[in-house]
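S.K.: predicted model and sequence below, questions to follow.
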Amino acid sequence: MRILIADDNALVRKALYQLFEEQEGWSVCGEAQDGYEAVERAKQSRPDLIVLDLSMPHLSGLQAASRISALLPGTPMIMLTLYDSALVHTEAKKVGILQVIPKTDGASVIRTIKSVLQKMPVRDVKVAKAPTKMKSHYEEVGPGAG
(Lines give C-alpha, C1' and ligand atoms only; values in the text may rest on other atoms or scores of the structure.)
Protein backbone atom coordinates (compact mmCIF):
# COMPACT_ATOMS: atom_id res chain seq x y z
CA MET A 1 0.00 0.00 0.00
CA ARG A 2 1.38 3.38 -1.04
CA ILE A 3 0.76 6.27 1.37
CA LEU A 4 1.01 10.03 0.95
CA ILE A 5 1.72 12.00 4.15
CA ALA A 6 0.68 15.68 4.35
CA ASP A 7 1.62 17.58 7.50
CA ASP A 8 3.30 20.97 7.94
CA ASN A 9 5.47 19.70 10.80
CA ALA A 10 8.65 18.01 9.52
CA LEU A 11 9.05 16.00 12.74
CA VAL A 12 5.51 14.61 12.46
CA ARG A 13 6.11 13.68 8.81
CA LYS A 14 9.35 11.95 9.73
CA ALA A 15 7.70 10.01 12.58
CA LEU A 16 4.79 8.93 10.35
CA TYR A 17 7.20 8.02 7.56
CA GLN A 18 9.14 5.74 9.91
CA LEU A 19 5.96 4.20 11.37
CA PHE A 20 4.47 3.47 7.96
CA GLU A 21 7.67 2.09 6.46
CA GLU A 22 7.92 -0.39 9.37
CA GLN A 23 4.59 -1.94 8.39
CA GLU A 24 4.83 -4.88 6.03
CA GLY A 25 3.54 -3.98 2.59
CA TRP A 26 3.32 -0.25 3.33
CA SER A 27 5.50 2.39 1.70
CA VAL A 28 5.44 6.17 1.67
CA CYS A 29 5.15 7.40 -1.90
CA GLY A 30 5.35 11.08 -1.07
CA GLU A 31 5.20 13.83 1.50
CA ALA A 32 3.69 17.31 1.50
CA GLN A 33 4.20 20.20 3.87
CA ASP A 34 1.10 22.22 2.93
CA GLY A 35 -2.32 21.78 1.37
CA TYR A 36 -1.35 22.82 -2.16
CA GLU A 37 1.57 20.44 -2.17
CA ALA A 38 -0.70 17.64 -0.88
CA VAL A 39 -2.98 18.07 -3.88
CA GLU A 40 -0.06 18.14 -6.32
CA ARG A 41 1.65 15.10 -4.76
CA ALA A 42 -1.64 13.20 -4.80
CA LYS A 43 -2.05 13.91 -8.53
CA GLN A 44 1.54 12.83 -9.23
CA SER A 45 1.79 9.73 -7.07
CA ARG A 46 -1.83 8.47 -7.03
CA PRO A 47 -1.46 6.91 -3.56
CA ASP A 48 -3.58 4.12 -2.13
CA LEU A 49 -4.11 6.14 1.07
CA ILE A 50 -3.63 9.79 2.01
CA VAL A 51 -2.98 10.93 5.58
CA LEU A 52 -3.66 14.66 5.97
CA ASP A 53 -3.16 17.03 8.87
CA LEU A 54 -6.16 19.30 9.51
CA SER A 55 -4.17 22.48 10.04
CA MET A 56 -1.74 23.23 7.22
CA PRO A 57 -0.68 26.42 5.43
CA HIS A 58 -2.17 27.59 2.10
CA LEU A 59 -4.97 24.98 2.10
CA SER A 60 -6.28 23.28 5.21
CA GLY A 61 -6.50 19.51 5.28
CA LEU A 62 -10.24 19.84 4.66
CA GLN A 63 -9.71 22.07 1.61
CA ALA A 64 -7.00 19.77 0.26
CA ALA A 65 -9.21 16.71 0.82
CA SER A 66 -12.04 18.36 -1.10
CA ARG A 67 -9.77 19.01 -4.09
CA ILE A 68 -8.23 15.54 -3.93
CA SER A 69 -11.70 13.93 -3.79
CA ALA A 70 -12.61 15.76 -6.99
CA LEU A 71 -9.36 14.74 -8.73
CA LEU A 72 -9.05 11.18 -7.41
CA PRO A 73 -12.52 10.00 -6.40
CA GLY A 74 -12.52 6.98 -4.12
CA THR A 75 -8.99 7.53 -2.82
CA PRO A 76 -9.19 6.86 0.92
CA MET A 77 -8.14 9.74 3.14
CA ILE A 78 -7.57 9.91 6.88
CA MET A 79 -7.16 13.13 8.83
CA LEU A 80 -4.90 13.70 11.82
CA THR A 81 -5.63 16.58 14.16
CA LEU A 82 -4.95 18.13 17.54
CA TYR A 83 -8.37 19.80 17.32
CA ASP A 84 -10.74 16.87 17.64
CA SER A 85 -14.37 18.00 17.70
CA ALA A 86 -17.77 16.98 16.36
CA LEU A 87 -17.59 19.85 13.84
CA VAL A 88 -14.25 18.61 12.48
CA HIS A 89 -15.70 15.10 12.07
CA THR A 90 -18.80 16.45 10.29
CA GLU A 91 -16.82 18.66 7.91
CA ALA A 92 -14.30 15.86 7.26
CA LYS A 93 -17.03 13.43 6.20
CA LYS A 94 -18.40 16.03 3.77
CA VAL A 95 -15.10 16.18 1.86
CA GLY A 96 -14.43 12.43 1.75
CA ILE A 97 -12.34 11.83 4.87
CA LEU A 98 -12.99 8.30 6.13
CA GLN A 99 -11.73 8.82 9.67
CA VAL A 100 -10.48 11.64 11.87
CA ILE A 101 -7.72 10.54 14.23
CA PRO A 102 -6.52 12.63 17.16
CA LYS A 103 -2.74 13.05 17.10
CA THR A 104 -1.91 10.98 20.16
CA ASP A 105 0.59 8.20 19.66
CA GLY A 106 1.84 6.27 16.67
CA ALA A 107 0.36 2.95 17.75
CA SER A 108 -3.18 4.36 17.80
CA VAL A 109 -2.64 5.89 14.34
CA ILE A 110 -1.52 2.52 12.94
CA ARG A 111 -4.40 0.66 14.62
CA THR A 112 -6.95 3.13 13.31
CA ILE A 113 -5.58 3.02 9.76
CA LYS A 114 -5.62 -0.79 9.77
CA SER A 115 -9.19 -0.77 11.09
CA VAL A 116 -10.33 1.69 8.41
CA LEU A 117 -8.60 -0.30 5.66
CA GLN A 118 -10.30 -3.51 6.77
CA LYS A 119 -13.73 -1.87 6.41
CA MET A 120 -13.01 -0.54 2.93
CA PRO A 121 -14.15 -2.34 -0.20
CA VAL A 122 -11.41 -4.37 -1.84
CA ARG A 123 -9.31 -2.24 -4.21
CA ASP A 124 -6.57 -3.18 -6.60
CA VAL A 125 -3.82 -2.18 -4.18
CA LYS A 126 -0.25 -3.16 -4.89
CA VAL A 127 1.63 -3.96 -1.70
CA ALA A 128 5.10 -4.11 -3.21
CA LYS A 129 7.25 -1.03 -2.87
CA ALA A 130 7.19 1.31 -5.83
CA PRO A 131 10.32 0.97 -7.97
CA THR A 132 11.09 4.69 -7.75
CA LYS A 133 10.35 6.15 -4.38
CA MET A 134 10.07 9.89 -3.97
CA LYS A 135 12.44 11.37 -1.44
CA SER A 136 10.84 12.68 1.70
CA HIS A 137 10.94 16.40 2.28
CA TYR A 138 13.20 15.66 5.24
CA GLU A 139 15.64 13.75 3.02
CA GLU A 140 15.62 16.50 0.38
CA VAL A 141 16.34 19.48 2.61
CA GLY A 142 17.66 17.97 5.85
CA PRO A 143 16.87 18.54 9.50
CA GLY A 144 15.56 21.88 10.64
CA ALA A 145 13.75 22.65 7.40
CA GLY A 146 10.04 22.81 6.87
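M.R.: Right, received. Where do you want to start?
S.K.: which of the helices and strands in the chain ranks last by mean pLDDT?
M.R.: Within the chain, no helix or strand scores below helix 137-141, which has a mean of 43 by mean pLDDT, DSSP states H and E.
S.K.: biggest helix in this protein, by residue count?
M.R.: helix 106-119 (DSSP state H).
S.K.: pLDDT of that helix, averaged?
M.R.: What helix 106-119 shows for mean pLDDT is 78.
S.K.: could I get the buried residue list for that helix?
M.R.: Buried residues in helix 106-119, defined by neighbour count with 16 or more other Cβ atoms under 10 Å: 109-110, 112-113, 116-117. Heads up, the C-betas are built off the backbone N, CA and C, glycines and all.
S.K.: same check, this time on stretch 63-76
M.R.: Neighbour-count burial for stretch 63-76, counted by 16+ other Cβ under 10 Å, picks out 63-69, 72, 75-76.
S.K.: cool, and stretch 31-43?
M.R.: Buried positions in stretch 31-43, judged by neighbour count with 16+ other Cβ under 10 Å: 31-39, 41-42.
S.K.: how about stretch 44-51?
M.R.: Going by neighbour count (16+ other Cβ under 10 Å), the buried part of stretch 44-51 is 45, 47-51.
S.K.: thinking again about what came up before, wait, which of the buried residues of stretch 63-76 is closest to Lys94?
M.R.: For the buried residues of stretch 63-76, the closest approach to Lys94 (Cβ to Cβ) belongs to Ser66, at 8.2 Å.
S.K.: surely the closest one is in contact with Ala92?
M.R.: No. Counting by Cβ atoms under 8 Å, Ser66 does not reach Ala92; the two are 10.2 Å apart.
S.K.: can you give me the end-to-end span of stretch 52-68?
M.R.: 11 Å (Cα to Cα, to the nearest Å).
S.K.: just the strands in this structure please.
M.R.: For the chain, the strands defined by DSSP state E cover 2-6, 27-32, 49-53, 77-81, 97-102.
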